[in-house]
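[1] Got a predicted structure plus its sequence, pasted below:
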There are 2 protein chains.
Amino acid sequence: MSSLLGAIEAGGTKVVCVVARDAATVLAERRLATTTPAATLGAAEDFFATVSSEMGALSAIGIASFGPLDMRRSSPTYGHLLATPKPGWENADLVTRFATRFSCPVVLDTDVNAAALAEALLGAGRGCGVLVYVTVGTGIGGGIVVSGRAVHGALHPEMGHIRVLRHERDRDLPGVCAFHGDCLEGLASGSAIRARYGAPLERLPAGHGAPEIVGYYLGQLAATIVLMISPERIVFGGGVMNNDRVLSELRSTAARFLNGYLPLAPTSLDELIVAPALGERSGIVGAIKLAEAARTAVTEKHS
Amino acid sequence: MSSLLGAIEAGGTKVVCVVARDAATVLAERRLATTTPAATLGAAEDFFATVSSEMGALSAIGIASFGPLDMRRSSPTYGHLLATPKPGWENADLVTRFATRFSCPVVLDTDVNAAALAEALLGAGRGCGVLVYVTVGTGIGGGIVVSGRAVHGALHPEMGHIRVLRHERDRDLPGVCAFHGDCLEGLASGSAIRARYGAPLERLPAGHGAPEIVGYYLGQLAATIVLMISPERIVFGGGVMNNDRVLSELRSTAARFLNGYLPLAPTSLDELIVAPALGERSGIVGAIKLAEAARTAVTEKHS
C-alpha cells in the first residue's frame, strides 16, 4: 500500500492542501483561495490528482474544515457543512468527491479539533491529558482533546458563540454574528474588529484601546473554559492572537473573572494559557495526523 | 479477597455511607449530617468499621465529595478539599483516615463527576459517548464523562461559577457566591433562591415567577454546555430541579440562546436535556462504581 497521505485545511479565506508521508515530511503543498465549493474543492482534487499521478496513490485523506460540520456517520448528510454564514458553503459536501476520486478513506474533523489534536500530540500540549485549542480569526472556534483524541458528542464544540459581558467602553457595536449578534464571535472575531474599527488590529495605531477590549472578551472565554472543562493547557491561536497585547489582556481578564476561585498552583495562568507551538501549521498538521490515523486503521484491518 | 465495597457521598448538608457488593447490592447504609470534618468523617469511619467487623474487610472505598478537591496524585495535599465556602472544611483530608484504617485503595472524585459516571453507565446517559451532569442544590456543579470516564484536567470542572446575563426582572440580588457575587451559583442555586425569596422553591405559591428566573439562568448554562462541549446528553439533577417548571424554562431559554445555531436534529432539546434516571441515588451509585473500579484494578494487578 502507498504511504502517501493527502491533507486539507479548509478555512474561511484560504484552503491549504498537502501531500505528505507523515507530519514531518510534506512532499507537496498548494494554497487556494476559498471561493465556491465547486471551484475550491475542485482545485484541491486536481492538485491531489496531479501529485498522485507523479508520486503514487493516496492511502488516506484527512480534512480539517471550518464548521459547523455534520459528522454523524449515520446521517444522510455526513461530511456536509451545516448552517454557516459563509455564502454558498451551507450543505457543501466535503467528503464524497475525494472518497470517490481517490478510493481511499477520507476522515473529516473541524479545523479547530485538528489544530487541537496537533498541538496536543506535537505542540504546546504534549503530555497534557486535557487540552483546549481556540482559534481567533475571521470567526472563533474551539476544540477539546482528552487522552489524545478530539471530543465528539452530538456535534462538536462551537465555543465562539457563548455570550459574554459587554466591556464598559464597548456598548455600541450590535455585534456581527448572524445568529446571535453580540455573542463572543460577534464582538471579538476578526470580522467584529473590522466592523468596529474599520481595520484589523495590525493596522491600528500603537496604544489603541482595541486589544484591551478584544482581550476582555476572549478572557471571558478562557475563564469559562477553565470552569467548564478544567484543561491542563489552553492554546489560543489565529490571526487576532498575533497581537501580543491581546494575550496579556486575555490572561488578566481570565484571572479577574476567576477571582482566585480555582487554586491552579503550581500552574499559573501564564503557563495554562499559551500561544500555539506549531503556529499557523497546527491545522494542516492535524489534518495529516487524521489521515495518518486512518491509514493505520486500514493497515491494521488488512494485516 | 473480600468483595465488600465502601462508598461515601459527601454533600454540603448530608453524607451518605454504604457498604455494597456492587451498585445493585447495597448491604448497609447510613446517613449523617455534615457538621465538622472530624465529627462527620469520624462517624463514617465508625460505620464502616462496625459493618466491616460483622461482614468482612472492605476491598476498596469510593468517595464522591463536594469540591473543589485536590486530585493531583503528586500533590502533598492530594485528597484534600481546597478553597470552599463550607465553614471548617477547607483543607480537610478526605482520604488518609480511610486508607489508614481499612488498608485498602481509596478513590476520590467530585460528587458531580461520580453522579455523571453513574448516569452515563447505568442511568439517563447509557450509550452516550459524551455526557454532562449538572446538579443544582445548595451549590451548582457539573461533571463531564467521555467514553465512560470522568474528565480530569488541571482540577475538575466548576461550571456553577460561569457568568450569566441578568434576567430583566432580577436586577437587585447582588448574588450569594462568596467568590463572584452574581455568577450562576450566586443567582440560581438553592442558596440564592433562599436569599432572594426567603424560602425554597417548593414553599413558594403556585404561579410564583421564581422558576422562570431560575430556569433562565440555568438555561444559559445548558446553552453554554452545548456550545463548549456538545454532549449527547445533559442531565440536570439536584433539589432545585424537583420543580418541573424549572426544567421547562431551562429548555426554552437554552433554545432561545442557541437561536437555531446548532442543528441538533434528530436530537431535540427535550431529548438532550433530561432529569436523572437514578434520581437522588446517582452520587452514591457513582461512588460505588469508583470503588468497584479500584477493586478491579487491584484484582488485575494481583492476578
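    The structure has been received and is ready for your questions. Residues are numbered from 1 along each chain as shown, chains lettered A, B, ... in the order given.

[2] and the closest residue to residue A:280 other than its chain neighbours, how many neighbours?
    Excluding the flanking residues, the one nearest residue A:280 by C-beta to C-beta, 6 or more residues apart in numbering or on different chains is residue A:237, at 7.7 Å. Where you see a C-beta, it was placed from the backbone N, CA and C, and this is true even at glycine. Using other C-beta atoms under 10 Å in any protein chain shown, residue A:237 has 27 other residues around it.

[3] Pretty sure residue A:132 is one of the things residue A:237 touches, is it not?
    No. Counting by C-beta atoms under 8 Å, residue A:237 sits too far from residue A:132 to count as a contact (11.4 Å).

[4] Which residues of the stretch 1-150 of chain A lie near chain B?
    By C-beta under 8 Å from any C-beta of the partner chain, the residues of the stretch 1-150 of chain A that approach chain B are A:68, A:82-83, A:128-130, A:142, A:144, A:146.

[5] now these as TSV including pLDDT, neighbour count and secondary structure?
    Conversion of the residues of the stretch 1-150 of chain A next to chain B to TSV gives the following (pLDDT from 0 to 100; neighbours: other C-beta atoms under 10 Å in any protein chain shown; DSSP: H, G, I helix; E, B strand; the rest coil):
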residue	pLDDT	neighbour count	secondary structure
A:68	83	23	coil
A:82	87	18	coil
A:83	79	14	coil
A:128	93	21	coil
A:129	91	17	coil
A:130	95	23	strand
A:142	93	28	strand
A:144	96	32	strand
A:146	95	23	strand
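
[6] now these as CSV including distance to residue A:54?
    What follows is those, written out as CSV (distance: C-beta to C-beta, whole Å):
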residue, distance to residue A:54
A:68, 36
A:82, 36
A:83, 39
A:128, 39
A:129, 42
A:130, 42
A:142, 38
A:144, 38
A:146, 39
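
[7] wait, which of those is closest to chain B?
    Chain B has its nearest neighbour among the residues of the stretch 1-150 of chain A next to chain B in residue A:130, at 3.4 Å by C-beta to the nearest C-beta.

[8] Could I get the contacting residues of that closest one?
    Contact criterion C-beta atoms under 8 Å, 6 or more residues apart in numbering or on different chains gives A:144-146, A:229-232, B:151-154 as the residues in contact with residue A:130.

[9] ok, and the most crowded of those residues?
    Ranked by neighbour count under the definition other C-beta under 10 Å, the contacts of residue A:130 are headed by residue A:144 with 32 neighbours.

[10] give me the beta-bridge partners of it?
    Beta-bridge partners for residue A:144, by DSSP bridges, are residue A:132.

[11] That one reaches residue B:227, doesn't it?
    No. The criterion here is C-beta under 8 Å, and residue A:144 misses it with residue B:227 at 11.9 Å.

[12] shared neighbours of the two, anything?
    Common neighbours of residue A:144 and residue B:227 (criterion: C-beta under 8 Å, 6+ apart): residue A:157.

[13] Please give the number of neighbouring residues around residue A:35.
    Burial measure for residue A:35: 11 neighbouring residues, criterion other C-beta under 10 Å.

[14] go on, the one 4 residues further on?
    A total of 13 residues lie near residue A:39 under the criterion other C-beta under 10 Å.
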